[in-house]
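Peer 1: Curious how this folds, go ahead:
(chains A and B)
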Amino acid sequence: MKSIITVFLKEVRENLRDRRTVMNTLLTGPLMAPLIFVLLINGIVSRELDKAEKPLPVPVIGAEHAPNLIDALRQSGVVIKEAIADPEQSVRDQNADLVLRIPPSYGEAWNKGEPAQVELIFDDSQRDAKSSVERLRSIIDGYAQRTSSLRLVARGISPTIMRPLVIADRDQSTAQARGGMMFSMLPYFFILGAFIGGMALAIDTTAGERERQSLEPLFANPVARSKILLGKLGATGAFALTTLLLSIVAFSFAGQFMPTEKLGMTLSIGPRFAILTLLTMLPLVFLIASLQTLAAAFAKTFREAQTYLSLLMFVPAVPTMLMSIFPFKVETWMYAVPLVGQQVTITRLMRGEAVAASEIALCFASTALAAVIVYLITARIYKGERLAIST
Amino acid sequence: MIELKALNKAFGTVKAVDGVSFTARDGEITGLLGPNGAGKTTTLRMLYTLMKPDSGQVLVDGIDAAVDPIAVRRRLGVLPDARGLYKRLTSRENIEYFGRLQGMDEATIAARIEGLSRALDMGEIIDRRTDGFSQGQRVKTAIARALVHDPKNCILDEPTNGLDVMATRAMRDFLRHLKAEGRCVLFSSHIMQEVGALCDRIVVIAHGHVVADASPDELREQAGTPNLEDAFVKVIGSAEGLAA
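Peer 2: Presented below is the predicted three-dimensional model:
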């Protein structure tokens, strides 16, 4: 046990003296993800809010043909812009989001009581313009509805005759759940943080030590290699855990600055969330550290190890992507699969849904088991004759 | 005391070490001489249990390396061919690390570092980070690290490799100093003059075989030449891979 601690302390001390590693562990790893996240969410939210409340500028061609319609548009927050020469071209060139064209025949058709036509020129492939188009469409629809009701009333008919069927929306998603959907990427950021935090040490303690030719003298000491490996894994795990911890803290803090409630969402990211997330992630951190060390043990050089570990970083993205693309129902077995279990647990915790203690225990135990298995495989590789030999 | 009995090691079809046997005694310097690629490093690696021999036996102070490799390593001070240091640690921290891995207590480590630092003239460099050390400074640190636990048996793989003249002289004096302390010193070299000047016993290896195992005087006698270097060339069959 003493020699494990000796190895652990030496690796920690040596790597704390490496500015780049410390930066990755304490700054880049934990802060990058929540920062990107906050910026992203803020961007989405403020764009949506802007669209809903801001005046909507629309170039109108032939405004003089429909003064009443133009008045109605103005009252609904539409800013009538001057007509432009070639609306189709400027929409294609993205100079305008949308253009409204009122043909000269509008007034005549209106007065006769025939459907008067207006043209909405837009580009459906422009995501940005979509909400503007929807908004203008609903304003015009509203105006048409009001006019038709007035006309019916003028003829002594109840306007309800036009609405034989009404749909009432009953959305069953809770405010937390709507938030959770948006944040399903979050577990991946935590897992990524653990990857980044442990990466430098996993490489340095195995491939790096061999490349620097210090592994052979190290193995000449009267300490079993499995113990040396445990010390190294401990140090790698400690760095990864630090990154994860800071990442969770940073996110809990940053979460307060996210205007989620404006979208009708709430997130449960209090201390309970932080503690349970940490607990769920703990065995995963050591599983990742073992996997990274295993990959680094196969590499002959520092550079080769970096390549392997960068590729390894894409593995945790797979369940995250699958889960955000395919809607799924959470089943118990999912908790038993490392990575998937963490994904499911953290997402549910964030959405404020109940996660049973047995489910967290299952997730913890199965991931811990996987970590032990990977450690045993790595220890086998470590005992290999070729591992220590640099040339 | 180190005893090697009929060691064999093959890498694929290449027999790197083929039936090597010899004994290195306490209070003597035993030199392992051979051209580059003769199997010296592989022999030493089996001795300090980094590699397992395909067959044969290694005994250190009577302990079988195959039975109790940890006990064997405890009795050995090893300067391997690879002697990388930890660049972000000072010379002293490098040595302390190995001392702790040897199971020594802090006071003993500190006292031992004092002694080694004096013997190897490391006063100026002991508390400097090893990044940027000269080859000589690196070897000194590596030797102090290897010998921190005061081992009875010292194994040094090409200890003067890459050293300048002054550092080489100091290294040879240090080897004699180890011998005077009654230790069993075993070192490998491909430099004939060095082996001739230092050793009580010379084991000559070529192509994985021991081709001579004798004192310098006996070697000269066997080969029938008054010059030791001629004797080496004669028993090996060629001077290729050797240095004067």
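Peer 1: who touches the host helix or strand of residue B:21?
Peer 2: For residue B:21, the host element (DSSP states H and E) is strand B:14-24. The contact list for strand B:14-24 (CB atoms under 8 Å, 6 or more residues apart in numbering or on different chains) reads B:1-10, B:30, B:39, B:42-43, B:46, B:53, B:56, B:153, B:184-186, B:201, B:203, B:205, B:207-210, B:213. The C-beta positions use only the backbone N, C-alpha and C, and glycine is treated the same way.
Peer 1: Please indicate which of these are buried?
Peer 2: For the contacts of strand B:14-24, a burial check counting by 16 or more other CB atoms under 10 Å in any protein chain shown picks out B:1-4, B:7-9, B:30, B:39, B:42-43, B:46, B:53, B:56, B:153, B:184-186, B:201, B:203, B:205, B:207-208, B:210, B:213.
Peer 1: from those residues, which are also near chain A?
Peer 2: When the buried ones among the contacts of strand B:14-24 are checked against chain A using CB under 8 Å from any CB of the partner chain, none falls in range.
Peer 1: Return the subset of the residues you listed lying in strands.
Peer 2: Mapping those onto strands (DSSP state E) picks out B:2-4, B:7-9, B:30, B:56, B:153, B:184-186, B:201, B:203, B:205, B:210, B:213.
Peer 1: what sits against the spatially most central residue of chain B?
Peer 2: Centroid-nearest residue in chain B, with CA atoms, centre = their mean: residue B:156, separated by 1.7 Å. Under the criterion of CB under 8 Å, 6+ apart, the neighbours of residue B:156 are B:79, B:143, B:146, B:175, B:185-188.
Peer 1: Check residue B:55 too.
Peer 2: Applying CB under 8 Å, 6+ apart, we find residue B:55 in contact with B:6-8.
Peer 1: switch to 7 Å and redo it
Peer 2: Residue B:55 makes contacts with B:6, B:8, as judged by CB atoms under 7 Å, 6 or more residues apart in numbering or on different chains.
Peer 1: One more: the one 5 residues further on?
Peer 2: Remark: with contacts taken as CB under 7 Å, 6+ apart, residue B:60 is in contact with B:2, B:72, B:75-76, B:153.
Peer 1: now it, nearest residue through space, not along the chain?
Peer 2: Spatial nearest neighbour of residue B:60, excluding adjacent residues (CB to CB, 6 or more residues apart in numbering or on different chains): residue B:72 at 4.6 Å.
Peer 1: after the helix or strand in which the one you found is found comes which helix or strand?
Peer 2: In this assignment (DSSP H and E), residue B:72 forms part of helix B:69-74. Per DSSP H and E, the first helix or strand lying C-terminal to helix B:69-74 is strand B:76-79.
Peer 1: And that following strand, what does it pack against?
Peer 2: When contacts are defined as 3 or more CB pairs under 7 Å, 6 or more residues apart in numbering or on different chains; DSSP states H and E, strand B:76-79 packs onto helix B:135-147, strand B:153-157.
Peer 1: Can you get me a residue count around residue B:66?
Peer 2: 15 (other CB atoms under 10 Å in any protein chain shown).
Peer 1: For it, which three-state class applies?
Peer 2: What DSSP: H, G, I helix; E, B strand; the rest coil gives for residue B:66 is coil.
Peer 1: tell me the contacts of residue A:236?
Peer 2: A:198, A:201-202, A:205, A:289, A:292-293.
Peer 1: Spell out which parts of chain B neighbour chain A.
Peer 2: Neighbours of chain A within chain B, by CB under 7 Å from any CB of the partner chain: B:48, B:50-52, B:70, B:73-74, B:78, B:80, B:82-86, B:88-89, B:97-98, B:100-102, B:142, B:145-146.
Peer 1: Out of these, which end up buried?
Peer 2: B:48, B:50-51, B:73-74, B:78, B:80, B:82-86, B:88-89, B:97-98, B:100-102, B:142, B:145-146.
Peer 1: Kindly indicate whether residue B:87 is helix, strand or coil.
Peer 2: Residue B:87 ends up coil, using three-state DSSP.
Peer 1: In space, what's closest to it - neighbours in sequence excluded?
Peer 2: In space, residue B:87 is closest to residue B:131, 4.0 Å off (CB to CB, 6+ apart).
Peer 1: Just give me the neighbour total for that neighbour.
Peer 2: 11.
Peer 1: Which pLDDT value goes with it?
Peer 2: Listed pLDDT for residue B:131 reads 92.
Peer 1: right, and it touches residue B:85 too?
Peer 2: No - under the criterion of CB atoms under 7 Å, residue B:131 makes no contact with residue B:85, lying 8.8 Å away.
Peer 1: Run through the residues that contact the closest residue to residue A:274 other than its chain neighbours.
Peer 2: Excluding its sequence neighbours, the residue lying closest to residue A:274 (CB to CB, 6+ apart) is residue A:248, at 5.1 Å. Contacts here follow CB under 7 Å, 6+ apart; on that basis residue A:248 touches A:190, A:274, A:277-278.
Peer 1: let's see 10 Å
Peer 2: A:30, A:34, A:190, A:193, A:269, A:273-275, A:277-278, A:281, A:346 (CB atoms under 10 Å, 6 or more residues apart in numbering or on different chains).
Peer 1: low pLDDT regions in the stretch 51-200 of chain A?
Peer 2: A:51-53, A:171-183 (pLDDT under 70).
Peer 1: packing partners for the helix or strand containing residue B:230?
Peer 2: Using DSSP H and E, residue B:230 sits in helix B:228-236. Other helices and strands packing on helix B:228-236, by 3 or more CB pairs under 10 Å, 6 or more residues apart in numbering or on different chains; DSSP states H and E, are strand B:29-33, helix B:192-198, strand B:201-206, strand B:209-214, helix B:216-223.
Peer 1: Dump these into JSON lines; add distance to residue A:4 as well.
Peer 2: Below are the helices and strands packed on helix B:228-236 laid out as JSON lines (distance: least, CB to CB, whole Å):
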{"stretch": "strand B:29-33", "distance to residue A:4": "35"}
{"stretch": "helix B:192-198", "distance to residue A:4": "39"}
{"stretch": "strand B:201-206", "distance to residue A:4": "38"}
{"stretch": "strand B:209-214", "distance to residue A:4": "40"}
{"stretch": "helix B:216-223", "distance to residue A:4": "47"}
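Peer 1: Appreciated, that's everything.
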